[in-house]
Structure formats: structure tokens, C-alpha cells
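Q: how would this look folded up:
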Amino acid sequence: MNNDEAIEFTNNIFDLIKKARTISHLEIIPDKLEIPGKNRMNIDLYPKIEFAISPDEIRKLMDDKILDNDHKFVPEITSKLADPLTKLLYAIAWKNGDLKKLKHIIKGIVDSEDKNSEQDDALVFYQFGKYLTKVSGEPIIDQHVIRAFAIYKSTDFEEIETLRQMKTLNKTHKLIIKQYKDWLISKELTEDLRIVKDYTYHIDKLLFATGKAIKLSG
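A: Residues are numbered from 1 along each chain as shown. Model (predicted):
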């Protein structure tokens with residue numbers, strides 16, 4: 001699709017989101033606007049997370065010498081793991097080279113208590129940590145979600161072209177991320193929707209599909 005079509009498509013998505021009063025209203029939007037299945041979030045790969053992690057639980061891991069003061073696993077961690085599920089998940093993170101990413105998620109969990117906290121790198125993982133606390137107003141974000149929201153807010157045609165090519169989030173996107181979080185709790189959304197538990201997850205999932213559908217390849 002060209003830029004005009006991408007703008008119209010995105011605006012139509014947001015118009016429907018703003019009218020939604022239930023999760024069911026959100027869930028029918030992809031079919032209503034014919035978002036290709038390849039652009040939608042695969043719930044087999046990313047099933048909804050029902051648990052929450054609190055800052056107190058992180059502090060307990062630090063007290064138990066599982067995590068150090070930099071929110072990283074202590075070097076001798078593998079000798080302390082007893083639960084087989086924990087061992088398997090640690091092994092997957094190790095094999096994929098993702099252990100260093102966990103500290104950003106952990107920092108997001110801890111910083112959820114401080115509304116003025118900021119971070120300049122690994123913003124997707126940091127915000128994911130905040131989401132895991134299940135504190136109201138802390139969504140999941142990624143390049144696709146923010147691309148969709150930024151195009152919805154933009155009036156600059158050249159900027160829209162750039163946004164459609166965006167591949168990663170960095171500190172230059174901190175303002176639009178904040179604006180997205182503010183929008184999610186604003187009166188642009190119906191009160192009926194805003195009182196539904198974890199409603200932001202369903203909006204994130206929808207905007208993931210939107211941003212992926214309008215992304216320029218290459």
C-alpha cells in the first residue's frame with residue numbers, strides 16, 4: 001500500500017478502537033478490516049501472559065543472591081536452580097544469548113514503582129518488564145505498535161514515510177512511547193473499555209498487526 005492508503009488504513013483502525021466498549025469489539029477489527037493473517041500476532045508463539053511479577057519479588061531474588069545489584073544473574077546461578085521449569089527456561093535464554101536482555105526486563109519491573117524513571121536503551125524489554133507488573137497503564141510495546149500509533153498521530157507526510165521504514169525503537173522514540181501510554185488511559189477510549197482488566201494487551205495485539213501491515217519492506 002502507498003502512504004495515503006497506509007494513513008487511511010491506520011486511521012480506520014483507530015476509529016474502531018475508540019468506539020470499542022468490549023474486548024470482543026477489539027477482536028473483530030482485524031477481520032473487519034481484513035488484516036492479513038501473516039501480520040497478526042501468533043498466539044501460539046505469544047500466548048497471553050496471565051501472571052504478574054512485582055518489584056518485591058525481584059527484591060527477594062536479590063536478597064536470596066539470585067540477582068546482583070545490577071539486576072543480572074549472579075555467576076553461580078546455575079548451581080542454585082532447583083525447579084525443572086526454571087532450569088529449562090534459563091537454558092533457553094542461555095542458548096539464545098538472551099541472558100543480558102533479562103536485566104532490562106527486571107529493571108522495568110523494579111522501576112514500575114517510579115513514574116519518573118527513564119531508560120535510553122533496550123526500551124522494548126524495559127517496557128515489557130513494566131507490563132509484567134500488570135500495573136494499569138503499562139502496555140507491551142514494539143516497533144510495530146509504536147509505528148501504528150506514531151502514524152496515527154503524525155501530520156507530516158515525510159515523517160510517515162520514515163515511520164513506515166522504522167525497524168527498531170531507540171531513545172528518540174521515548175516521547176511517542178509516552179504519548180502512547182498516555183493515550184491508552186485517556187478519554188479517547190471508552191470508559192467501558194478502560195475498566196476491563198488488561199485491555200491494553202488487546203490493543204497492543206491489534207496495533208502490532210496494524211504496524212506490521214503498513215511497514216515498508218526493504
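Q: tell me which strands and helices whichever strand or helix holds Ile151 is in contact with?
A: Assessed by DSSP states H and E, Ile151 sits inside helix 143-153. If you count contacts as 3 or more C-beta pairs under 8 Å, 6 or more residues apart in numbering; DSSP states H and E, helix 143-153 packs onto helix 3-19, helix 157-165, helix 174-184, helix 199-214. All C-beta atoms are positioned from the backbone trio N, CA, C, and that covers glycine.
Q: now for the shortest one, which elements pack on it?
A: This points to helix 157-165. Counting by 3+ C-beta pairs under 8 Å, 6+ apart, helix 157-165 packs on helix 3-19, helix 143-153.
Q: and for the protein, the residue most distant from the center?
A: The centre of the chain is farthest from one residue, Ser79, which by C-alpha atoms, centre = their mean lies 32.5 Å away.
Q: how about the contacts made by that residue?
A: For Ser79, the contact set (C-beta atoms under 8 Å, 6 or more residues apart in numbering) is empty.
Q: Ile106 - how many residues pack around it?
A: 24 (other C-beta atoms under 10 Å).
Q: low pLDDT regions in the chain?
A: 218 (pLDDT under 70).
Q: give me the most central residue, it.
A: Central residue of the chain (C-alpha atoms, centre = their mean): Ile140, at 1.9 Å.
Q: how near is it to Ile105?
A: Counting by C-beta to C-beta, to the nearest Å, the separation of Ile140 from Ile105 is 12 Å.
Q: surely Val145 meets Gly211?
A: Yes. With contact defined as C-beta atoms under 8 Å, Val145 counts as touching Gly211 (5.8 Å).
Q: give me the domain ranges for the chain.
A: Annotated domains of the chain cover 3-48+136-214, 55-132 [automatic domain parsing].
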